[in-house]
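Q: what follows is a predicted protein model with its sequence.
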Amino acid sequence: MTEFDELYREVILDHYKNPRGHGVIERADAVAEGQNPLCGDEVSIFVSFDGDAIEDVKFRGRGCAISQAATSMLMEMIKGRSAQEVADMSRDELLDEVGIPLTPVRLKCALLGLGVLKVALHRAKGTPLPEEWASLASELELT
Ligand code: FES
């Protein structure tokens with residue numbers, strides 16, 4: 001393992017142990033949840049808007065370090081951004097933040113939170129769910 005990988009692992013563990021934006025927003029403007037049917041892990045995301053901008057976002061869930069840490073990272077990345085901007089956000093933007101190479105199964109873990117978030121925005125703001133997410137949505141059981 002390189003020094004870089006080691007560093008990323010530490011960052012992931014820190015997010016897992018001290019998740020940012022963990023909790024629930026009462027009377028959220030948008031809510032969605034999803035699970036990885038392979039393992040049963042879950043993420044729920046709550047969003048409140050100020051106009052079109054994401055004013056606050058929180059999540060709760062349970063699952064592996066990657067799914068929870070990636071969702072925690074996501075919370076920090078999207079505050080203040082517009083719903084459309086986040087709807088357009090690519091998987092790679094989040095995966096770059098996660099920073100370590102992932103196996104296909106782990107990749108689904110890492111993308112669970114982002115998929116759930118896109119569904120929440122889609123519901124509340126009518127932002128499109130890109131095609132790459134439509135297939136993932138069925139694999140991840142996003143509701
Ligand atoms: Fe379930 Fe990672 S093992 S989300």
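A: Thanks, I have it.

Q: how about the residues of the chain that lie near the ligand?
A: Within the chain, the residues that sit near the ligand (CB under 6 Å from any ligand atom) are 36, 39, 41, 63-64, 66-67, 109, 112. (C-beta placed from N, C-alpha, C; glycine too.)

Q: next step: those residues restricted to helices.
A: Those of those mapping onto helices are 66-67, 109, 112, per DSSP state H.

Q: can you pull up the most central residue in this structure?
A: The residue lying closest to the centre of the chain (CA atoms, centre = their mean) is Gly113, at 2.4 Å.

Q: quick check: closest non-adjacent residue to that one.
A: Thr71 (3.0 Å; CB to CB, 6 or more residues apart in numbering).

Q: how far away is the one you found from Val98?
A: 11 Å (CB to CB, to the nearest Å).

Q: most neighbours among the ones in helices among the residues of the chain next to the ligand, please name it.
A: Using other CB atoms under 10 Å as the neighbour test, those are led by Leu112, with 30 neighbours.

Q: isn't Ile54 right next to Met75, touching?
A: No - under the criterion of CB atoms under 8 Å, Ile54 makes no contact with Met75, lying 9.9 Å away.

Q: how about the ones in helices among the residues of the chain next to the ligand in TSV, adding pLDDT?
A: Converted to TSV, these look like this (pLDDT from 0 to 100):
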residue	pLDDT
Ile66	94
Ser67	95
Cys109	91
Leu112	93
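
Q: so where is this structure shaky, pLDDT-wise?
A: 1, 130, 132-138, 143 (pLDDT under 70).

Q: all strands of it, in order?
A: With DSSP state E, the ranges of strands along the chain come out as 30-36, 41-50, 53-62.

Q: run through the residues that contact the nearest residue to Arg81 once chain neighbours are set aside.
A: Leaving aside its sequence neighbours, Arg81 sits nearest to Ile54 (CB to CB, 6+ apart; 5.8 Å). Contact analysis of Ile54 by CB atoms under 8 Å, 6 or more residues apart in numbering lists 47-48, 78-83, 86.
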